[in-house]
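Asker: Any chance you could fold what I've pasted below:
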Amino acid sequence: MTNAFFYIVGIAFLALARLKHFISGYSTPKPFSLHQVDKCIEYDVTIANRFLQNLEKYGVSDLSGKRVLELGPGSDLGIGLILISKGASSYVAFDRHDLAADVPPAFYDRLSRRIPVDLAALSDGRITYIAREDFDLTATVQNGIDIVLSNAAFEHFGDVDATVEGITRISRPGANVAIEIDMQTHSRWIRDADPNNIYRYPDWLYRMFSYPGQPNRLRPDNYRCAFERRGWTNITLQPANRLSAQLSSRTVHSSFRNSQLDWLSFVLCATKG
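Answerer: Here you go, the predicted structure:
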């Protein structure tokens, strides 16, 4: 009965997510408004520190002189300011949706009062913000990227192979990637009650509720292979958030069995060969 219940309820959530996107598009990358300045600043500090920790675990402890690219930066450029303050020479924020164009001035002023960041970086060329609906990295991002970062964005990319190909073309030899991927169900409530709900359905049924940015349902090995095929080496995958045995044992579609279903999110790091 439990599996049948979550199967049916999950379909309802898939339909609601598609309807929400149809009505309002993609406008809320965070679970709170940009006008909640203190929450947004805390979020940026947390994600920036997580990026730095993931890089350090991988053996990259110094951003000095590095050109950094973040995919899916969200609703502001606070992370870029923090990374510049840590030594990065430049930061490019690249997104499909133009979410960070109209940030309230109070946001950056308050961020600078909390953290010693240089707000001049927003206008002197050290920070670049690019939003392209076609998500074509090679068309606008200059070659020579040293570090590629992303948090909870790759799972929304419809063509991960094309994205990795773009990253490969614009990154210099020896560049590093550190991306965290959130693979669980994204809709509220069912995300906590049945985190792997989106994996219950066959492709044909899941595609019935598709919309731009719908979770792509790729699993860790899919991402590993995408980077391996393009010559990236020293690829590591580490779980960042794991599911309890009780929840991970719930029924999923046969095509997803034996695919590390206890991993709710993970960090992929790699080096360009």
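
Asker: which residues touch Arg229?
Answerer: Shown in contact with Arg229 (CB atoms under 8 Å, 6 or more residues apart in numbering): Asp161, Val164. Using the backbone N, CA and C atoms, a C-beta is placed for each residue, glycine as well.

Asker: mind checking how far it is from Gly273?
Answerer: Counting by CB to CB, to the nearest Å, the separation of Arg229 from Gly273 is 12 Å.

Asker: How about Val45?
Answerer: Separation of Val45 from Gly273 (CB to CB) stands at 33 Å.

Asker: what about the stretch 151-273 of the chain, any weak spots by pLDDT?
Answerer: 246-249 (pLDDT under 70).

Asker: Try it again at 90.
Answerer: Residue ranges of the stretch 151-273 of the chain with pLDDT under 90: 188, 243-251, 257-260.

Asker: which SS class is Leu268?
Answerer: Following DSSP: H, G, I helix; E, B strand; the rest coil, Leu268 is assigned to strand.

Asker: no wait, Asp134
Answerer: At Asp134, secondary structure determined by three-state DSSP is coil.

Asker: how many neighbours does Tyr223 have?
Answerer: With neighbours defined by other CB atoms under 10 Å, the count for Tyr223 comes to 22.

Asker: Could you do Ile235 as well?
Answerer: When counting by other CB under 10 Å, one arrives at 15 neighbours for Ile235.

Asker: Could you pull up the residues touching it?
Answerer: Contact criterion CB under 8 Å, 6+ apart gives Arg224, Phe227, Glu228, Leu268, Cys269, Ala270 as the residues in contact with Ile235.

Asker: Isn't the fifth one up against Asn176?
Answerer: Yes. With contact defined as CB atoms under 8 Å, Cys269 reaches Asn176; the gap is 6.9 Å.

Asker: which neighbours do those two share?
Answerer: When contacts are counted by CB under 8 Å, 6+ apart, the set common to Cys269 and Asn176 consists of Leu55, Tyr58.

Asker: re the thing from before, the more surrounded of Val45 and Gly273?
Answerer: Counted by other CB under 10 Å, Val45 and Gly273 do not tie: Val45 has more neighbours, with 16 against 12.

Asker: which parts of the helix or strand harbouring the more buried one are buried?
Answerer: Element membership for Val45 (DSSP states H and E) is helix 37-58. Within helix 37-58, the residues that count as buried by 16 or more other CB atoms under 10 Å are 37, 40-41, 43-45, 47-48, 50-52, 54-55, 58.

Asker: Pull the distance from the helix or strand where Leu14 lies to the chain's centre.
Answerer: Assigned by DSSP H and E, Leu14 belongs to helix 2-24. The gap between where helix 2-24 is centred and where its chain is centred comes out at 22 Å by CA atoms, centre = their mean, to the nearest Å.
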